[in-house]
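# What shape does this take:
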Amino acid sequence: MGGWSIEILASAPPEQTNSGLGRTVWSVAVEMVRRGHRVRVLYPSQPFQPAPPYQGVERVPIPVLGLRREPYGYERAVARAASELLDPKADLILANDEKGGAIDLPNGRAGGRPVFGMLAHDIQQHHLLTMRALQQPRPTIRQRVGTWLDRRAIAKLEGRAFGRARAIVVASEANRQLLLRLYPVPPDRVHVIPHPIPPLAEVGDRNACREALRVPLDVPVVAFIGRTPDRQGLPIALEAFRRVRVFFPGARFLVAGSTLPSEPGVMPLGIVDETVKSRILHAADLFLFPARYEGYGLAPREAMAAGVATIVSAHVPFDGAVAGRELRVVREDDAGAYASDLAELLADPATRRALAEAGRTYAAQFGVDEACARIERVFAPFLAS
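Residues are numbered from 1 along each chain as shown. Next comes the predicted model:
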């Protein structure tokens, strides 16, 4: 396979590590360069700031100008600016969210290039409705109208992105089914390729990580990582920990990515970098992720890759995993149900270790090299000479 010229639209620069999708996109870009392709990643930059290449990937900051008072005005402004910067000689253009429906693709050339494709993390229309239901359980008439307008806008943008894509890559079978239910896309255009798990930072062993975080070496430690606490179930996780701490009074609950008031046993760490996140995972005995909705769930997969026994909700898709063997799956959105599994695993180190090792084996299949090889196979038929 000859090297391709690839343009990728991202949502953030590589230094912004608090987005799982962002880290995934950049890890794919770096691997594609290693595989012999020329890759440029375009991302919003406000204020605009030129940047040197990142591990062989050309960085193209997008100046964000011309914001309008309209639904998804920011996304539309980014797409308009990106349209001026796309290379018309590129072989492949990959977008990963609704902005793909607002960009003006360069004029085609011989062979039907550039080819346009989507790497879809979430199905944004479903994501919007799920989040509004969590944030506005009793919406006012004004809120209902706002949701209707936003849904109409996102359906138009996302529908255009999926409709123009020669191939669409989604991370889970659940998202594939959602996409096909919400948009009239031929099923053979939609391919399930799980997001790769970016390598964790090297931080030393469990004791070194606990010392760095100022966590006692001899207490049970539970971890949660998530930027959207309501969607990812932080209130449920916190209540489950409170109940379990009655039986494990020295236990600690490490919370990263979200803010909350400190209380006995709870250590809110806020937004953390990759080094601190890796320390949290290597210091933990259990990872708790009671998400109310998740299109993929990178954080629990990273925990499994770090060898941490993991408890998730049934809303987190784990294609191919066996509940009870590689991870624990809780079927109810109830703190008591999570507390039961949490207490059982904290009290039973042997079962916890077996779960952690099986989870590590499951997570090992999601390497960046394998994901990029599969992405190449999806788009190769459209880019044959």
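
# What lies in contact with the lengthiest strand in the chain?
Identified as the longest strand of the chain according to DSSP state E is strand 38-45. Applying CB atoms under 8 Å, 6 or more residues apart in numbering, the external contacts of strand 38-45 come out as 3-13, 25-26, 29, 32-33, 51, 54, 56-64, 78, 82, 85-87, 90. In short, each C-beta sits where N, CA and C put it, glycine included.

# Same question for stretch 328-337.
So stretch 328-337 is contacted by 233, 236, 239-240, 243, 290, 292, 309-314, 318, 323, 338, 341, 345, 355 (CB under 8 Å, 6+ apart).

# what about 10 Å?
The contact list for stretch 328-337, computed with CB atoms under 10 Å, 6 or more residues apart in numbering, reads 233, 235-244, 286, 288-292, 309-316, 318, 321-323, 338-342, 344-345, 351-352, 355, 359.

# How far does that stretch sit from its chain's centre?
Centroid separation for stretch 328-337 versus its chain: 22 Å, with CA atoms, centre = their mean, to the nearest Å.

# go on, stretch 320-328?
Centroid separation between stretch 320-328 and its chain, computed with CA atoms, centre = their mean, is 20 Å.

# and if you look at stretch 221-233?
13 Å.

# Report the mean confidence score over it.
Averaged over stretch 221-233, pLDDT sits at 92.

# Same question for it: list its buried residues.
221-226, 228-233 (16 or more other CB atoms under 10 Å).

# the strands in the stretch 51-200 of the chain, which residues?
Along the stretch 51-200 of the chain, counting by DSSP state E, counting those that start in this stretch, strands occupy 58-63, 92-95, 115-120, 167-170, 190-192.

# List the contacts of the last one.
Residues from elsewhere that reach strand 190-192, judged by CB under 10 Å, 6+ apart: 117-118, 120, 162, 165, 167-177, 179-180, 183, 317, 319, 374-375, 377-379.

# looking at it, Pro61 is touching Val78, isn't it?
No: Pro61 lies out of contact with Val78 (CB atoms under 10 Å); the separation is 11.1 Å.

# intersection of neighbour lists for these two?
42-46.

# List just the nearest of those residues to Val203.
Lowest distance from Val203 to the shared contacts of Pro61 and Val78 (CB to CB) belongs to Tyr43, with 27.1 Å.

# which stretches of the stretch 151-300 of the chain form helices?
173-182, 206-213, 229-232, 234-245, 274-283, 298-305 (DSSP state H, counting those that start in this stretch).

# out of those helices, which comes closest to Lys156?
Lys156 sits nearest to helix 173-182 of all those, at 12.3 Å, using CB to CB.

# relative to strand 115-120, how tilted is that closest one?
120 degrees (axes from the mean of the first three to the mean of the last three CA atoms, to 10 degrees).

# What distance do you get for Asp87 to Glu58?
Noted for Asp87: a distance of 10 Å to Glu58, by CB to CB, to the nearest Å.

# Now for those two: what residues contact both?
With CB under 10 Å, 6+ apart, Asp87 and Glu58 have common neighbours 7, 38, 40, 42.

# Looking at stretch 34-47 now, give me its mean pLDDT.
92.

# can you give me the end-to-end distance of that stretch?
The first and final residues of stretch 34-47 sit 30 Å from each other (CA to CA, to the nearest Å).

# what's the answer for stretch 320-327, then?
Length of stretch 320-327, first residue to last, CA to CA: 12 Å.

# From the rest of the structure, what touches it?
The contact list for stretch 320-327 (CB under 10 Å, 6+ apart) reads 173, 194, 287, 289, 300-301, 303-304, 309-312, 314, 316, 318, 329-331, 354-363, 365.

# Give me the buried subset of those residues.
By 16+ other CB under 10 Å, the contacts of stretch 320-327 give 194, 287, 289, 300-301, 303-304, 309-312, 316, 318, 329-330, 355-356, 358-360, 362-363 as buried.

# What degree of burial does the closest residue to Met267 other than its chain neighbours show, as a neighbour count?
Of all residues not flanking Met267 in the chain, Leu254 sits nearest, at 5.2 Å (CB to CB, 6 or more residues apart in numbering). For Leu254, the count of nearby residues is 23 (other CB atoms under 10 Å).
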